[in-house]
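Colleague: Sequence below, structure please.
(one chain, ligands or ions: 1)
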Amino acid sequence: MSRIVFLNGSFLPIEEAKVPFMDRGFLFGDGVYEGVGMLDGRLIDNEAHLERLERSLGEVRIANPYSKAEWTALQEELARRNGMTEGFIYFQVTRGVAERDFFFPENAKPTVAMFTQAKAIANAPAAEKGIAVVTVPDLRWQRRDIKSINLLAQVLAKQAAKEAGAQEAWLVEDGFVTEGGSSSAFIVTKAGSIVVRPLSQAILPGITRKSLLRLSQESGIVLEERRFTVAEAYEAGEAFLTSASNFVLPVVSIDGRPVADGRPGPITTRLRQLYLQMASAPAMAAE
Ligand code: PDD
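Modeller: Below you'll find the model as predicted:
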């Protein structure tokens, strides 16, 4: 059975899902996207992802084609049609199809595309062993708080990481880590506090980051919301990343140097467990 995707109001086999040549997403990267994780058939933090989508769309002045309830129904139906209960749902909205011209087209209808990626998140091998990251310059634009489909800088950064034998790139600006190529970046000091960069236009406001911070506060872990340097990351007690498609992943080496003893640290492991618990019982976690 081929994968079923959603395109402009229809569910159809991926081979039949075609976007017109003049779509502004294709020509200009003129669009925004979101991605939400699914565990046990449940969308994780979907409300927050849909709010971030609404915000990204507003910032680039594309009308949101659906209400939150409509988005959720489409996501759930797509997962159901693909028999997916664990993985990632990607959805994007572009400004639509028009003759190539930089100005906003007058009557274009946004293009809406959504697909599933089945994936083991809870029992991912990378969660056991941890991953390697390498640092690379952050070459992105100045509105990284918008989840734009322009991902060329991230593509280049992550490919450089792969060629260096790592699984993620940590992006660096003025000596400070901004975030990962497709994840939020954290370190844990040797004294046991979590350090994460404060929200600004320099980073994406990660939804998993937000939940993680709530969970860490609830469990009494000290939080330092401030920037950290690459040098500080090398000396950290632990390091980890968060994203909708990975939840919490230990980072065990940075630029080829082991983080502490090169194994996932206790605070990271505990936070991953807390996150998994929250994801499998969201109603209880909210009480
Ligand atoms: N990436 N920072 C960047 C640059 C990201 O692209 C992402 C997510 C995150 C983490 O945000 P969240 O916790 O809301 O997923 C941070 C997604 C997963 C992707 O592009 O595949």
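Colleague: where's residue 34 relative to residue 109, distance?
Modeller: Residue 34 sits 19 Å away from residue 109, taking Cβ to Cβ, to the nearest Å as the criterion. Where you see a C-beta, it was placed from the backbone N, CA and C, and this is true even at glycine.
Colleague: These two: which is more packed in?
Modeller: Between residue 34 and residue 109, counted using other Cβ atoms under 10 Å, the more crowded position is residue 34 (24 against 13).
Colleague: ok, and that one, which helix or strand is that part of?
Modeller: Here residue 34, judged by DSSP states H and E, is contained in strand 31-39.
Colleague: Determine whether any part of the helix or strand following that strand lies close to the ligand.
Modeller: The first helix or strand that comes after strand 31-39 along the chain, using DSSP H and E, is strand 42-43. No. Strand 42-43 lies apart from the ligand when judged by Cβ under 6 Å from any ligand atom; the minimum separation is 12.5 Å.
Colleague: With stretch 99-116 instead?
Modeller: No. Using Cβ under 6 Å from any ligand atom, stretch 99-116 stays clear of the ligand, coming no nearer than 12.0 Å.
Colleague: Now do that stretch, average pLDDT.
Modeller: In this model, stretch 99-116 has an average pLDDT of 97.
Colleague: Number the residues from 4 up from this point.
Modeller: Happy to do that; since the first residue is 4 now, the last one works out to stretch 102-119.
Colleague: Need the CA coordinates for it. CSV is fine.
Modeller: These are the backbone C-alpha positions of stretch 102-119, laid out as CSV (Å, rounded to 0.1, in the frame of the first residue of the first chain):
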residue,chain,number,x,y,z
GLU,A,102,3.1,33.6,-12.1
ARG,A,103,6.6,34.2,-10.7
ASP,A,104,6.7,37.7,-9.3
PHE,A,105,8.0,38.7,-5.8
PHE,A,106,4.9,40.6,-4.8
PHE,A,107,2.1,38.7,-3.0
PRO,A,108,-0.2,37.4,-5.7
GLU,A,109,-3.7,38.8,-5.5
ASN,A,110,-5.9,35.7,-5.6
ALA,A,111,-3.7,32.8,-4.9
LYS,A,112,-5.0,30.1,-2.6
PRO,A,113,-2.6,28.7,-0.1
THR,A,114,-1.2,25.2,-0.9
VAL,A,115,-1.7,22.8,2.0
ALA,A,116,0.4,19.6,2.1
MET,A,117,0.7,17.1,4.9
PHE,A,118,2.4,13.7,5.2
THR,A,119,3.3,11.1,7.8
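Colleague: May I see the buried residues of that stretch?
Modeller: Neighbour-count burial for stretch 102-119 flags 108, 111, 113-119 (criterion: 16 or more other Cβ atoms under 10 Å).
Colleague: Please apply the same query to stretch 214-229.
Modeller: By neighbour count on 16+ other Cβ under 10 Å, the buried set for stretch 214-229 is 214-216, 218-219, 224.
Colleague: Which pLDDT does the model give the closest residue to residue 230 other than its chain neighbours?
Modeller: Distances taken as Cβ to Cβ, 6 or more residues apart in numbering place residue 179 nearest to residue 230, at 4.3 Å, with adjacent residues excluded. Note on residue 179: pLDDT of 98.
Colleague: Relative to residue 68, how far out is residue 179?
Modeller: Separation of residue 179 from residue 68 (Cβ to Cβ): 37 Å.
Colleague: Likewise for residue 24?
Modeller: Remark: distance between residue 24 and residue 68 (Cβ to Cβ) = 21 Å.
Colleague: next one: residue 18
Modeller: For residue 18, the distance to residue 68 - Cβ to Cβ - is 24 Å.
Colleague: Since that was my last question, I'll sign off now.
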